[in-house]
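*Asks:* Coordinates for the following, if possible.
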Amino acid sequence: MATAAQWIQGARLRTLPAAIAPVLIGSAAAYELQAFRLPNAILAALVALLLQIGVNYANDYSDGIRGTDEDRVGPLRLVGSGAAKPEQVKWAAFALFGAAMVCGLILVIITQTWWLILVGIGCVLAAWGYTGGKNPYGYMGLGDVFVFVFFGLVATLGTTYTQAGQVSLAAVIGAIGTGLIACALLMANNVRDIPTDTAAGKRTLAVRLGDRHARESYVLMLAVAILLVIVLAPTKPWMLIVLLLIPACLMPAWLMVNGKKRKSLIPVLKQTGLINLGYSLLFSLGLILSHGF
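*Replies:* Take a look at the predicted model:
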């Protein structure tokens, strides 16, 4: 029986900024549209967090039963380490997906945006299909697409829409930015796991690109995410405060390009998660200040 501490480790807390970041940006975009709704923002945050932890457990279960996590470098995996039975981890993932759907349904009822039920179902199916089922798309190099779409576009624009009933250019730029940083985090994780994923037949995008190009793509994604705010600068000059994040990106970018040992890439995961959180805070602050002035 896994301990509470092991279950918390298995939840992969360092990935949670990827769930919070789009909700912060989406809410700030709603504020700029003079439509911020705190209860809606809280519900959106709960949906995002529950889905993120659910995905983490689902990934733990699916990779564990396939043997992908038997020889890995990095944080504890519940199934791969034998700390928890596969069925326990699978049902924990299902419970979290169910809780996310309940929160999402409440949000739909409050906002009367019934078509978002289909989006919610799509989110859950995509979350499970990432590494679950007979043909997991995460094993075909499409996991990055899932992360960008659901933890970038859908989470951010959905948050804005359920508060304002519309989206804005700022919301779209923020969605693309936080989605790219979330993909960068996944890339750092997958570059570290290239040897074990290759052996297990898991053809992630990092495996397909190869070690060198995968590392370079991490730097490119961070650069595009941060520099994209320049598009908003002519009408919202305060958005340039996002550029203050550049120094924080230098160390993880250097580690990704030059870190030859797999263990040297582990800190990059935490650093990239914090970069995503910092990006969302600065982006949101820029929107609020631009609206105020």
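
*Asks:* use CA for all of it now, contacts and neighbours both
*Replies:* Noted.

*Asks:* would you list every one of the helices in the protein?
*Replies:* 4-10, 17-32, 38-66, 78-81, 86-111, 116-129, 143-148, 155-164, 169-192, 194-200, 205-209, 211-227, 246-258, 266-292 (DSSP state H).

*Asks:* Any chance of a markdown table for those, columns distance to Y137?
*Replies:* As requested, the helices of the chain are exported to a markdown table (distance: least, CA to CA, whole Å):
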| stretch | distance to Y137 |
| --- | --- |
| helix 4-10 | 22 |
| helix 17-32 | 20 |
| helix 38-66 | 12 |
| helix 78-81 | 20 |
| helix 86-111 | 18 |
| helix 116-129 | 7 |
| helix 143-148 | 6 |
| helix 155-164 | 20 |
| helix 169-192 | 14 |
| helix 194-200 | 14 |
| helix 205-209 | 11 |
| helix 211-227 | 18 |
| helix 246-258 | 25 |
| helix 266-292 | 22 |
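
*Asks:* looking at these, which is closest to M239?
*Replies:* Evaluated over the helices of the chain, closeness to M239 peaks at helix 266-292, with 4.5 Å, by CA to CA.

*Asks:* Between the helices of the chain, which one is closest to K236.
*Replies:* Per CA to CA, nearest to K236 of the helices of the chain: helix 266-292, 5.5 Å.

*Asks:* Now do the contacts for L285.
*Replies:* L285 makes contact with A28, according to CA atoms under 8 Å, 6 or more residues apart in numbering.

*Asks:* measure it to E32 for me?
*Replies:* Applying CA to CA, to the nearest Å, the value for L285 to E32 is 11 Å.

*Asks:* In space, what's closest to R66 - neighbours in sequence excluded?
*Replies:* Using CA to CA, 6 or more residues apart in numbering and skipping residues adjacent in sequence, the residue nearest R66 is A200, 7.9 Å away.

*Asks:* Near that neighbour, how many other residues are there?
*Replies:* Number of residues near A200 (other CA atoms under 10 Å) recorded here: 16.

*Asks:* Same question for the one 10 residues further on.
*Replies:* With neighbours defined by other CA under 10 Å, the count for G210 comes to 13.

*Asks:* The residue nearest to A253 when sequence neighbours are not counted: neighbour count?
*Replies:* Counting by CA to CA, 6+ apart, A253 lies nearest to V219, which is 5.7 Å off, once chain neighbours are set aside. V219: 19 surrounding residues under other CA under 10 Å.

*Asks:* go on, A21?
*Replies:* A21 has 34 neighbours, counted by other CA under 10 Å.

*Asks:* Okay, the closest residue to it other than its chain neighbours and A100: tell me how far apart.
*Replies:* Leaving aside its chain neighbours, A21 sits nearest to S280 (5.1 Å; criterion: CA to CA, 6+ apart). S280 is 22 Å from A100, where distance means CA to CA.

*Asks:* Name the residue in these two with the higher neighbour count.
*Replies:* S280 (27 against 24).
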